[in-house]
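Enquirer: Only the shape, not the letters, is given here:
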């Protein structure tokens, strides 16, 4: 006797619908997981995972502008241009010189004024120039030298142990510039740029050419395009995240204080400095959020330094003279305007180069040479307009060193009109922050300083091609409405602030997570208040 | 990177694709049952809304993963509100077409 098969209670149609509903539930439930994983993924840490050049992913071609347009429309020349001076323009050199003068004039009081202090003439003139522009840089530098630095010593004794781990980490990166690598040029460029060491043997590259070729010929590239392509490839191999090439504009070479040349001697730009190769490397992304107290500059400094120094040797090995200009202060030129000319980005409100890939989170170095290469063009990808409206960096700057103006009208730095910051105010805050020198808050809180994931990618792709500006306005509104933007004063030293950080620093930089030593955490003062 | 050394992301996307098949078939059944007469642009509209909603949810959680605890839930609410409004518009468009054809 056959038994009939029991009829299924669920029809085919209902089964399909239940399966479909379950599928939707699965996809909706896993979307947050995938998003969370993307946010955490180290694959989005641009610049630290690839040496193959994929890190410079932004297609700059559609946004290229001519140099003439850069200097007529974007960064117009508004007066006679003149070259920078390392001894006055670099804040730490300047404050150190001022500190020396204050020591020699112990009876001088701030109320006596600038004229009564026996300062080196160039420094006095420089301060007077800024006084005329309405920036009291002398007054700020005096506060830094007389209050900021002594206070920093006191605060370090009180709170330093709490930040010991982050200091240890960043100082470990810094050891390479204590004359370890690369060695500093001790001769003028006409000599040192032509010298290279191979396996410990120092030689002149012109002699190397003689050894290498019967007809004493230089290794000549097929075309300038071949040269730039190879140099960029090699720079990426050496660890550069972004690379750009331009002809060297002498306006940005220091007129004094050049390495290998007598300190106060006027410096003629060498004939063999025809081209500049600019390399950039971002800071590690997790530590960036810990700024100003837990973050540091030295990781990116060290990597940019290594990439440029190796490129310098590579050029010399091929027979071309070269000199590296590397962080933290081993430069003979000012890097940002050269990077702009090389098409790596545009000058932002915070006076940093805003790159399309990582915003201002890009530490740069330059190699000068006479190798004839195809040069890049400057770009305009919309960051300039964004900066004019954004102002987050200015609002959050603890020392109010960044301008709140709506545009750059009236600004004039060595003949060029563009954003610049009050370096005296900026350096004044450096002498408060608890990590090894610096702040970087304007790098951290910039909306362009975001990791390389698809969410930020949408903004990066959509904003530059949007002629209406609607994308920029929406992104800015979301940034200001959704994201926590701590008050500027909280970053300052107690009692005004509590040494706040922009975000919670990563665990591997927090002393209390690893050490049993009792420390005083000043940031708790903000929690209590 | 999922689960240690193995990158299961590609497995996820394969599973996502497989799961999408019954979702499409079920949607077809459900829409027919409720009298929606679908054509190519309606499918694109509906599919676009569905994918956008998934991305909108995922986007908010990207910020959670990035360590922006203050931003992710605000963005999630904002995105869901936008998706809700978009759903109403899509729904109306699908319905309007049905009325026109009837």
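Expert: Okay, I see it. Because the structure is a prediction, the values reported are computed rather than measured.
Enquirer: Could you find the closest non-adjacent residue to the closest residue to chain B within the stretch 151-300 of chain A?
Expert: As assessed by CB to the nearest CB, chain B sits closest to residue A:289 within the stretch 151-300 of chain A, at 6.3 Å. Heads up, the C-betas are built off the backbone N, CA and C, glycines and all. Excluding the flanking residues, the one nearest residue A:289 by CB to CB, 6 or more residues apart in numbering or on different chains is residue A:503, at 3.4 Å.
Enquirer: Count the neighbours of that neighbour for me.
Expert: Neighbourhood size, residue A:503 [other CB atoms under 10 Å in any protein chain shown]: 22.
Enquirer: For it, list the residues it contacts.
Expert: Shown in contact with residue A:503 (CB atoms under 8 Å, 6 or more residues apart in numbering or on different chains): A:289-290, A:444, B:67-68.
Enquirer: Number of residues surrounding residue A:210?
Expert: Neighbour tally, residue A:210, other CB under 10 Å: 12.
Enquirer: try residue A:294
Expert: 30.
Enquirer: Tell me which residues are up against stretch A:488-496.
Expert: In contact with stretch A:488-496 (CB under 8 Å, 6+ apart) are residues A:151, A:155, A:292, A:395-398, A:400, A:429, A:432-433, A:439, A:441, A:497-500, A:522, A:525-526.
Enquirer: In a helix, residue A:87, correct?
Expert: Yes - Residue A:87: assigned to a helix according to DSSP: H, G, I helix; E, B strand; the rest coil.
Enquirer: Can you read off the pLDDT for it?
Expert: Predicted confidence (pLDDT) for residue A:87: 89.
Enquirer: looking at it, it is touching residue A:256, isn't it?
Expert: Yes - contact criterion CB atoms under 8 Å: residue A:87 and residue A:256 qualify, at 5.9 Å.
Enquirer: just checking, what packs against the longest helix along chain B?
Expert: Ordering each helix of chain B by length in residues (DSSP state H) puts helix B:69-101 first. Judged by 3 or more CB pairs under 8 Å, 6 or more residues apart in numbering or on different chains; DSSP states H and E, the packing partners of helix B:69-101 are helix A:470-482, helix B:40-65.
Enquirer: picking that back up, and which of the contacts of residue A:503 is nearest residue A:221?
Expert: Distance ranking of the contacts of residue A:503 against residue A:221, using CB to CB, places residue A:444 first at 40.4 Å.
Enquirer: what number of residues lie near residue A:474?
Expert: By other CB under 10 Å, neighbour count at residue A:474 equals 14.
Enquirer: list the contacts for it?
Expert: So residue A:474 contacts nothing (CB under 8 Å, 6+ apart).
Enquirer: low-confidence ranges in the chain?
Expert: I'll assume chain A. For chain A, the stretches with pLDDT under 70 are A:1-8, A:48-53, A:179, A:215-216, A:263-264, A:528-529.
Enquirer: my bad, the chain I had in mind was chain B
Expert: B:1-7, B:96-102.
Enquirer: Report the central residue of it.
Expert: Centroid-nearest residue in chain B, with CA atoms, centre = their mean: residue B:50, separated by 2.0 Å.
Enquirer: any idea how far stretch A:350-358 is from the chain center?
Expert: 8 Å (CA atoms, centre = their mean, to the nearest Å).
Enquirer: which parts of that stretch are buried?
Expert: Buried residues in stretch A:350-358, defined by neighbour count with 16 or more other CB atoms under 10 Å in any protein chain shown: A:350-358.
Enquirer: Point out the residues in chain A that sit beside chain B.
Expert: With the criterion set to CB under 8 Å from any CB of the partner chain, chain A comes near chain B through A:13, A:16-24, A:26-28, A:30-43, A:289, A:451, A:453-455, A:478, A:481-484, A:503-504.
Enquirer: Need the max-distance pair from the contacts of residue A:503.
Expert: A:290 and B:68, at 14.1 Å, using CB to CB across those.
Enquirer: And these two? Which one has more around it.
Expert: residue A:290 (23 against 20).
Enquirer: Secondary structure of that one: a strand, I assume?
Expert: No - checked against three-state DSSP, residue A:290 lies outside a strand; its state is coil.
Enquirer: Quickly note the distance from it to residue A:232.
Expert: 32 Å (CB to CB, to the nearest Å).
Enquirer: Redo the contacts of residue A:503 as TSV? Include distance to residue A:71.
Expert: Shown next, in TSV, are the contacts of residue A:503 (distance: CB to CB, whole Å):
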residue	distance to residue A:71
A:289	36
A:290	38
A:444	30
B:67	41
B:68	39
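Enquirer: quick one: the helices in the stretch 101-250 of chain A?
Expert: Ranges of helices in the stretch 101-250 of chain A, per DSSP state H, counting those that start in this stretch, are A:121-132, A:137-143, A:149-159, A:164-174, A:189-192, A:205-212, A:224-237.
Enquirer: Tell me the buried residues in stretch A:260-269?
Expert: Buried residues in stretch A:260-269, counted by 16+ other CB under 10 Å: A:260-261, A:267, A:269.
Enquirer: So what's the residue count around residue 69?
Expert: Because you didn't say which chain, this covers chain A. Residue A:69 has 14 neighbours, counted by other CB under 10 Å.
Enquirer: um, chain B though
Expert: Close neighbours of residue B:69, defined as other CB under 10 Å, add up to 12.
Enquirer: tell me the contacts of residue A:143?
Expert: residue A:428.
Enquirer: Likewise for residue A:73?
Expert: Counted by CB under 8 Å, 6+ apart, residue A:73 has zero contacts.
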